[in-house]
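Novice: Output the structure for:
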Amino acid sequence: MNQIPMQYFNLAEENYSKFGLSVIQLIQIGKFYELWHEPDTPSRQQAYSQTELLVESSMRSRPLGVTPPIEQVASLLDMRIISPGKRSLLQMGFPIYSLTNHLSTLLNKGWTVIVIDELITSKSGPKQRAVSQIYSPSCNLEDCSELPYVLSIYFSQDDLLSITLFSAMNGHSIMFPVSWADRDKVARLLISYRIREIVIWVNSGVGSEILINKIYNLLIGWSLFPFEPNAKIEVMGEALTNLPCYLSYKYENNNKEWLLLHIYMGINAEWFNKNYQEYTLSKIFQSTWTENVNQANLISLLGVLQFIKDRNPNLIKNLQLPECYNSVVSPLNLILCNRAEYQLDLLPKRGKLGGLLSLVDYCSTAMGKRLLKFRLLNPITDYSELNLRYEEIATFKQLLDKKIFDNSELKHIKDLSSLHRQWAICASSDTILPPKKLSQIYHSYLFTSQLIGKLISNKWINIQLLLSVGPQLELLIGEIGRVFQVDSLLGDFKDVLQPTDNIPNFFVQQQTLRAQLTEWAEQTSNIVFQDTISIKVEYFNKEGYAFSILSKKLTKLEHYMTNAPITNNSIIVLGKRGSHYIITSPAIHKVSIELNLLEEQINTYVKQTYNRELKRLYFSYFELFLPLVNIISRLDVALSGAIVAIKFNYTKPCLTLAKSQQTKGLIEAINLRHPLVEQLNTQEECVAHNISLEDKGMLIFSVNGAGKSTLLRAIGVNVILAQAGMYVAADSFKLRPYQYLITRILGGDDLHKGQGTFEVEMRDLSTILKLANYNSLILGDEICHGTEVSSGTAILAATIERLTAAKTSFILSTHLHQVCSLIDSPVQYYHLSVIQQEDYDLIYERKLKPGPGPSQYGIEVMGHIINDKKFYNTALKYRKLINWEPPSLIKSSSLTVYRPSKYNAQVFIDSCEICGAPAEAIHHIQPKSQPNKLCNRRLNRRSNLVPVCSSCHLDIHRNKISILGWKGTPGHKKLYWVYLNESLDSGTE
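Specialist: Residues are numbered from 1 along each chain as shown. You can find the predicted model right below:
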């Protein structure tokens, strides 16, 4: 093997032991980056299923096969692998300029990319190479809508977890301790951050295989490790029984995102030294701040800083001070318990689109999108801040309604959070901020200035906030324009500075020498060809400054120069470019050399001046950057909220104060809707509900599928929207903020913990009972349905009694009607109505009505879903044995498909939905002449259209028939209508 492959694979061994199994090495060979692989070399990677990894190593099966990295990368980038010559070496590669395009693809799949570049030296001989860049999923400064974070966890010996979240992209970090008993509280915090790498530090004296499994289970509980038994997890090649100092893992998490896990079984002894901690951290953060910080927290922070430094030392420069907390829970937040963010569909589900965030996100900037997500997942209880957010949305609503404002400025603002971080790194190192990035910063400032000016002129509600940054921003924009040619930042680097009177002498010399070459070219062209354009001065990368002339004119020029009385001025042909020859002479060559030397000096001067001025500007204005980013984010989120409020007809919440010192939570809503359901279900009108929760809890009964879960989710989602500072889907919404939102809506087994449905229910019920107080909102769907009726009813009754005594706001849905006769607590009983037609067919009216409603309905619902008459009759027979009255059998109908309606291609003009005769027209339930009454629903949605015959259509317009709308049934949607002169409700299939 020759020297280059040997160097490559030696470096690979080093990097595997330092950075883990996810390493890809790209080596520069000329104008390409190449990836190499020795096919006969044993792989350092192993892979296990999640089930295998969690058992003792002695009981594991053989590891799964792992595809070599070169094959994975080739497949990912859609490239070929070659084996040149007779060497047993596999290779693939791509041009150097395409690295940026491929980098994001590789990082998104969990790879750590190490770039080995050729060194520029004056020495002859073999080219020298060295590692120039290391990129990992969390150590990359390229634009990203969500900031990537590293999660650092230090396991101390007293069962204390010290946690640090760090983002290299904006220098932000959070640190806090949590006891092992309270570890579940961390999960709801982590959902707000995009974690790409996890670093765990354990004292070597504590290390054991039991501890490794403890780590696995901790991360599974936080949804940072696969919980599916068959999930494939790649592991560093050493035998896990030996517990090496460093373990590395690569896997997909439950949200289909690749993560890297690094476990270090040993900690640098210096990290425990207080003097070392203070010296190192004060040097990095340029401030002494560690005196009152828990030592375990400092070890976690030192660990993540070392982790980042190993990959790119510049990323730990110019950092903002960490946010230090004594607890994972903030008293000013609404705490979402039992993974409420998943149960209420706040975020898109695994591998799917949707979620409340997708619905309400109309932000124009990456900064705004991040803030909106953070607010949605971290609702607050602060009255003044919530009212300010509501007023900001209201102000933007007025501006949008008057059509004097839009998002034209915001959509041109780049991710200043990331750009400022890159500027900060360059201001504290030898790296240079690319002029392209400076151009993005400058133009983002211009659009921000325009935005602030427009809002000030329109009397923005929080004008002092704008004035706090506006003047400083104008000064910074002016200074950038004075120093740099902002229109040339995307062009040649040597043109980025503004011309000044202090230009060094070599600029004058450069202009003089260029003018001399131009004069020679024009004079010679005039003498030989009687024009000034036949010979031109040009710069060529290889030849330097020279003349270019058309091929057909070269002979005439050579003839003239041969006979001209000029010494030492013979023509030298350097080459050909297309139809032109490149020519020079001893005199021209001499000037070219002088110009090249001058331009090297000029480039050095421009580079030094550019860097010096950028550093000066950064340290003069860096205190402006964070407030500026916060203001842009805040305005973007407020404008998004206004757009959503107008588009979906949302209303402004009204915060009410408590009459007593106890600020008990309260909800009073009129026509409350579920934001997602009303947009996704276009065939059936979304039924709105009136809700009042303060002194009494609510118990809701209904037929299966009538919408109990949807109602619970609607309440939870709108409370979160309101406490995130956004408008809500209701006609009126009064709120006294809650401190805890506890949901129990999704049921099922917990396979990872080996718990059945009832065990999971009881675990969630335990959380409810612990946190129930006058500031809690409990939303429970069919609690105790996982056990037999008598025990379930008793537990439910005890739960209601406890929640009522604690003055807790709660809404519980159930099928256990017997509970009504057991409890004396002041509880409101409601049911979601279902209408049974003359033919004993069911229509889901879904209206919330007082009382528990009918207690027997299961077989009727089953009959609509299971089209099996014999089975239906058998069920009726058995219900008869326990004294239940059977209803009549249901009817079935057929569907004929005809031509689609011109109003909506999903509606067909087949048979009249009222009388069954052939349909001749489409009727709009809400008249076309009154579209404003549609309450933000489009006129031609399926829920507003009905095929009718001419006779029934006439009766409708004569007010003989009233169309009440489409209603859901277990099998399909049905039209609900009445004759106005009759009391009997009617319906059609």
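
Novice: Please enumerate residues in contact with stretch 520-530?
Specialist: Under the criterion Cβ atoms under 8 Å, 6 or more residues apart in numbering, residues 531-537, 547, 553, 556-557, 560, 587-588 lie in contact with stretch 520-530. For every residue, glycine as well, the C-beta is placed using N, CA and C.

Novice: Next, the buried residues of that stretch.
Specialist: Neighbour-count burial for stretch 520-530, counted by 16 or more other Cβ atoms under 10 Å, picks out 520-522, 524-525, 528-529.

Novice: Distance to residue 679, secondary structure and pLDDT for those - can I get that in a markdown table?
Specialist: Shown next, in a markdown table, are those (distance: Cβ to Cβ, whole Å; DSSP: H, G, I helix; E, B strand; the rest coil; pLDDT from 0 to 100):
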| residue | distance to residue 679 | secondary structure | pLDDT |
| --- | --- | --- | --- |
| 520 | 73 | helix | 86 |
| 521 | 69 | helix | 85 |
| 522 | 71 | helix | 86 |
| 524 | 75 | helix | 84 |
| 525 | 72 | helix | 84 |
| 528 | 77 | helix | 83 |
| 529 | 74 | helix | 84 |
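
Novice: nearest to residue 263, of those?
Specialist: Closest approach between the buried residues of stretch 520-530 and residue 263, by Cβ to Cβ: residue 521, at 68.7 Å.

Novice: max-length helix in the chain?
Specialist: When the chain is parsed with DSSP state H, its longest helix is helix 586-648.

Novice: And the next helix or strand past that one?
Specialist: strand 654-655 (DSSP states H and E).

Novice: Return the closest of the contacts of stretch 520-530 with respect to residue 474.
Specialist: Checking the contacts of stretch 520-530 against residue 474 with Cβ to Cβ, the nearest one is residue 537 at 42.9 Å.

Novice: what kind of secondary structure is the closest one in?
Specialist: Following DSSP: H, G, I helix; E, B strand; the rest coil, we place residue 537 in the strand state.

Novice: Relative to residue 591, how far out is residue 584?
Specialist: Relative to residue 591, residue 584 is positioned 10 Å away (Cβ to Cβ, to the nearest Å).

Novice: From start to finish, how long is stretch 534-542 in a straight line?
Specialist: Distance across stretch 534-542, first residue to last, is 22 Å (Cα to Cα, to the nearest Å).

Novice: Give the buried residues for it.
Specialist: Taking 16+ other Cβ under 10 Å as the criterion, stretch 534-542 shows 534-535, 537 as buried.

Novice: For ChimeraX, write the selection for the buried entries among the contacts of stretch 520-530.
Specialist: ChimeraX command restricting those to the buried ones, with burial defined by 16+ other Cβ under 10 Å:
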select :534,535,537,547,553,557,588
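
Novice: Which of the contacts of stretch 520-530 scores worst on pLDDT?
Specialist: pLDDT across these is lowest for residue 560, at 77.

Novice: a helix runs through it, doesn't it?
Specialist: Yes. Under three-state DSSP, residue 560 falls within a helix.

Novice: now it: how far from residue 79?
Specialist: Using Cβ to Cβ, residue 560 is found at 54 Å from residue 79.

Novice: What helix or strand is the residue most central in space within the chain located in?
Specialist: Residue closest to the average C-alpha location in the chain (Cα atoms, centre = their mean): residue 146, at 4.7 Å. Assigned by DSSP H and E, residue 146 belongs to no helix or strand.
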